[in-house]
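Colleague: only the shape, not the letters, is given here:
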């Protein structure tokens with residue numbers, strides 16, 4: 001992903017599109033492998049952008065989005081305590097506002113609007129839940145039984161909603177499970193997850209486009225209205241493809257597998273995908 005220049009101060013505003021652009025810039029900085037020499041300065045500038053965006057935000061939703069990005073940068077900087085402080089009031093009880101809004105649209109006979117609300121909420125929840133399960137797996141790596149249970153439920157969720165086709169970061173979920181299994185000492189299952197990662201990467205279509213499917217048929221309209229557009233995606237396709245390969249080949253977690261023929265085959269297949 002291409003880091004690009006940090007966003008000019010004058011471009012930060014309370015509007016959602018501006019915040020998305022800021023989020024993309026910051027995420028690119030975090031994920032860029034080749035910015036280590038000036039990484040500290042870039043991280044500090046990223047934090048500054050987030051804090052100014054939060055001050056200028058006019059809605060709680062915008063604020064939470066920027067807080068999540070700021071916490072990601074803080075974690076990348078090795079400051080977990082500061083990340084906890086930023087996020088301490090962001091995990092709230094879900095009161096089902098989307099259900100009430102859908103009911104209201106339904107009462108007015110606006111079925112399409114009701115479906116759009118429910119589909120967008122469901123998609124966001126599913127994507128987040130898949131990622132949560134992967135993170136939970138890392139915490140449960142020492143308990144093989146619990147790890148397998150978490151993995152089984154994650155795979156069931158991914159398969160039930162075909163998330164590999166609509167959730168662009170689904171490959172990262174498989175990669176995290178591979179690391180968790182390797183931590184647990186289960187090399188065979190780690191390889192299975194790496195092959196799941198390879199399959200998910202193969203389903204990606206470049207240039208990347210956010211889209212729905214036959215089930216999530218109102219998702220693209222919601223993305224357009226919420227400014228969750230393809231402009232929010234990284235534009236450097238070459239660097240993105242490189243990161244798909246290096247997420248495995250250059251990942252220290254998988255160093256013990258480097259000489260295994262199965263691992264070499266996975267890397268070779270990822271390099272083919274990245275061409």
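Modeller: Happy to help now that I have it. Being a predicted model, the structure only gives us computed values, none of them experimental. Numbering: from 1, shown residues only.
Colleague: list the buried residues in stretch 169-186.
Modeller: Across stretch 169-186, burial judged by 16 or more other CB atoms under 10 Å covers 170-184, 186. Where you see a C-beta, it was placed from the backbone N, CA and C, and this is true even at glycine.
Colleague: got it, and stretch 267-275?
Modeller: Here stretch 267-275 shows 267, 269-270, 274 as buried, counting by 16+ other CB under 10 Å.
Colleague: stretch 193-208 too?
Modeller: Those would be 193-198, 200-201, 204, for stretch 193-208 by 16+ other CB under 10 Å.
Colleague: over to stretch 159-171?
Modeller: Under 16+ other CB under 10 Å, the buried positions of stretch 159-171 are 161, 163-168, 170-171.
Colleague: adding secondary structure, write these out as JSON lines.
Modeller: Formatted as JSON lines, the buried residues of stretch 159-171 follow (DSSP: H, G, I helix; E, B strand; the rest coil):
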{"residue": "161", "secondary structure": "coil"}
{"residue": "163", "secondary structure": "helix"}
{"residue": "164", "secondary structure": "helix"}
{"residue": "165", "secondary structure": "helix"}
{"residue": "166", "secondary structure": "helix"}
{"residue": "167", "secondary structure": "coil"}
{"residue": "168", "secondary structure": "coil"}
{"residue": "170", "secondary structure": "helix"}
{"residue": "171", "secondary structure": "helix"}
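Colleague: relative to residue 65, which of the buried residues of stretch 169-186 is nearest.
Modeller: Nearest to residue 65 among those: residue 172, at 19.0 Å, using CB to CB.
Colleague: what is the subsequent helix or strand relative to the helix or strand where the closest one lies?
Modeller: Assessed by DSSP states H and E, residue 172 sits inside helix 170-184. Next in sequence after helix 170-184, counting helices and strands by DSSP H and E, comes helix 187-202.
Colleague: ok, now how distant is residue 170 from residue 201?
Modeller: Here the distance between residue 170 and residue 201 works out to 10 Å (CB to CB, to the nearest Å).
Colleague: ranges for the helices of this protein?
Modeller: Assigned by DSSP state H, the chain shows helices spanning 16-31, 39-56, 60-76, 80-87, 97-107, 111-139, 144-160, 163-166, 170-184, 187-202, 219-225, 237-249, 261-273.
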